[in-house]
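Trainee: Coordinates only, no sequence provided:
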Ligand SMILES: O=C(O)CCCC[C@@H]1SC[C@@H]2NC(=O)N[C@@H]21
């Protein structure tokens, strides 16, 4: 039985075969990457749209890594046109992480979940979900923003290059069975709530919610950038979402790194 209910709608101005359904979702059986599909459709998108695929053949992860995307896991990208500068668009990864935490908490005990900077979700210390942002635009504001979300609902692929945090799945960790399309409904609601919070209360509230679930806050962690390894106490994230560590040589503000503990 197919995992997703496919929509076949008659009006498809993009010519791509699947047009958003009543909930702003495009459902695909198989695609190279929902990020690539979002970029191809960016010109046709006139409202926030989730693209979900049962499988992806060339799914991408952060920092050029490959992401394994088997059927049974959530493979989805939200594309929309925020009225946002590149820095404001980049902060959306924290909204996505908060939304994932809220959505996963519906299905698994919240105390087993935590958020790893910049944008991974851990379940009992293993990686259960990852987030990837891509955008396009020149000048002041981005033209469009894509937020890709991969959640190991059923399978925990073991051949990731970034295996420092062993991938785990909901099924493997607790026998929790969640259909991707059902999870997407929960996640889409949770993400919309985060956007409403951002509009009403600003990024300070998003940051506060993220910090409330942050893994290893106040503890010594290691941040590995392209150039160096920095060891320090995880103090906070700043107003742009940068990692703030206190090291033996003083405070360090880090914009991009992989974190280990
Ligand atoms: O490296 C990470 O942790 C981010 C992984 C993001 C994977 C998702 S799956 C849906 C979307 N399509 C992609 O090609 N990548 C993202």
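Mentor: Now that the structure is in, tell me what you want to look at. The model shown is predicted, which means the values in this text are computed figures rather than measured ones. Numbers count the residues shown, from 1 in each chain.
Trainee: element containing residue 26?
Mentor: Assigned by DSSP states H and E, residue 26 falls within strand 25-31.
Trainee: Would you mind listing the buried residues in that strand?
Mentor: Neighbour counts using 16 or more other C-beta atoms under 10 Å place 25, 26, 27, 28, 31 of strand 25-31 among the buried residues. For every residue, glycine as well, the C-beta is placed using N, CA and C.
Trainee: what packs against it?
Mentor: Helices and strands touching strand 25-31, by 3 or more C-beta pairs under 8 Å, 6 or more residues apart in numbering; DSSP states H and E, are helix 34-41, strand 49-56, helix 180-201.
Trainee: Can you tell me which of those is nearest to residue 236?
Mentor: Residue 236 lies closest to helix 180-201 among the helices and strands packed on strand 25-31, at 18.1 Å (C-beta to C-beta).
Trainee: by contact count, what packs against the closest one?
Mentor: strand 25-31, strand 49-56, strand 74-80, helix 92-107, strand 144-151, helix 203-212.
Trainee: Tell me the residues of the chain that contact the ligand?
Mentor: By the rule C-beta under 6 Å from any ligand atom, the part of the chain lying against the ligand is 33-35, 56, 59-62, 65, 67, 69, 75-77, 120, 130-132, 148-150.
Trainee: May I see the buried residues of the longest strand that the chain contains?
Mentor: What stands out as the longest strand in the chain, according to DSSP state E, is strand 126-136. By 16+ other C-beta under 10 Å, the buried positions in strand 126-136 come out as 127, 128, 129, 130, 131, 132, 133, 134, 135.
Trainee: And the furthest pair within those?
Mentor: 128 and 135 (25.0 Å).
Trainee: still on that earlier bit, quick one: the helices and strands packed on strand 25-31 as a markdown table, columns for mean pLDDT and mean neighbour count too.
Mentor: Output for the helices and strands packed on strand 25-31, formatted as a markdown table (pLDDT from 0 to 100; neighbours: other C-beta atoms under 10 Å):
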| stretch | mean pLDDT | mean neighbour count |
| --- | --- | --- |
| helix 34-41 | 97 | 21 |
| strand 49-56 | 97 | 23 |
| helix 180-201 | 96 | 17 |
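Trainee: what sits opposite whichever residue of the stretch 101-250 of the chain sits closest to the ligand in the beta ladder?
Mentor: Using C-beta to the nearest ligand atom, the single residue of the stretch 101-250 of the chain nearest to the ligand is residue 130, 2.2 Å away. As for beta bridges, residue 130 partners with residue 120, residue 150 under DSSP bridges.
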